[in-house]
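Participant: dropping a prediction and its sequence here:
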Amino acid sequence: MGAKKEFVVFGLGRFGRSVAATLADSGCEVMVVDSDADKVHDLAETVTYAVTADVTDEEALEALGIRNFDGAIIGIGEDMEASIMVTILVKEMGIPYVLAKAQSDIHARVLRRVGADAVVFPEKETGMRIAHNLMMGNFFDAVELSSTFSMMELAVKEEWIGSSLRQLNLRAKYKINVVGVRTRDYLDANPDPGRPFEPEDVLIVIGKNEVLNRLAEMR
Ligand code: ATP
């Protein structure tokens, strides 16, 4: 493994805070920057560096020493000018991956034009994902891998209990891939194909949306 990845998060609203804390929890080096000293202070114990600064101040931004960071996350939504300016400045510094939160479609277009590598709409995307999961009739999480494929958790079917992956041959029968099996709190990412399923098992599967939908509805 190489050195720890380094990220800088600008703007500590709910989105920025959540990204920063998750990256820090996962062992990355994280710098957070906000003009509001209280918000910076709240994260000081969680992240590696917490700095109070106005990101539209080019000199202050230069002084952060972030040129060699792996990525920048821009969590400023409301102040569109600040969000666009900091995107331009960090791209000019050569940060290879810049992800920015957009407030509107036009904001997203401008962010892409000035070099953002990814633009996200956290509320809209979370809403879509939740609606999708509700529609699938299952209350487990599904991750869309493309417009046709998803990965999701599937409680073991009654008729599968007592049979193993090898016996069930789900890949041939449903064209789904079982990439893991969770039993209570333990996730086995390399499931033993010979182990018979138990009633509490939850399968983590990848497959076509329509097949997964059908399986989710099956008892
Ligand atoms: P969320 O929905 O994630 O809670 P939001 O869109 O409501 O966020 P904003 O009001 O856009 O959040 O602001 C996010 C943070 O960005 C705030 O903490 C604010 O202090 C900070 N911020 C805004 N402008 C600047 C700036 N020029 N320099 C530094 N920080 C800034």
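Facilitator: Okay, I see it.
Participant: could I get the contacting residues of the spatially closest residue to Ala116 that is not a sequence neighbour?
Facilitator: Residue nearest to Ala116 in three dimensions, not counting chain neighbours: Ala100, with 4.5 Å by Cβ to Cβ, 6 or more residues apart in numbering. Yep, even glycine has a C-beta here, placed from its N, CA and C like the rest. With contact taken as Cβ atoms under 8 Å, 6 or more residues apart in numbering, Ala100 is in contact with 73-74, 83, 87, 111, 116, 118-120.
Participant: please parse this structure into its domains.
Facilitator: Following automatic domain parsing, one gets these domains for the chain: 6-135, 143-217.
Participant: okay, the ones you listed, which one's buried deepest?
Facilitator: Of all the domains of the chain, domain 6-135 carries the top mean neighbour count, a mean of 17, counting by mean count of other Cβ atoms under 10 Å.
Participant: please enumerate the strands of this structure.
Facilitator: 6-10, 29-34, 49-52, 71-74, 97-101, 118-120, 142-144, 149-155, 177-183, 186-188, 201-208 (DSSP state E).
Participant: helices or strands next to the third one in the packing?
Facilitator: With contacts defined as 3 or more Cβ pairs under 8 Å, 6 or more residues apart in numbering; DSSP states H and E, the secondary structure elements packing on strand 49-52 are strand 29-34, helix 37-43.
Participant: that one and the ligand, any residue contact?
Facilitator: No - under the criterion of Cβ under 6 Å from any ligand atom, strand 49-52 makes no contact with the ligand; the nearest approach is 8.4 Å.
Participant: show me the contact partners of that strand.
Facilitator: Here strand 49-52 makes contact (Cβ under 8 Å, 6+ apart) with 30-37, 40-41, 43-44, 64.
Participant: among these, name the ones that also lie close to the ligand.
Facilitator: With the criterion set as Cβ under 6 Å from any ligand atom, the members of the contacts of strand 49-52 near the ligand are 34-36.
Participant: thanks a lot, see you next time.
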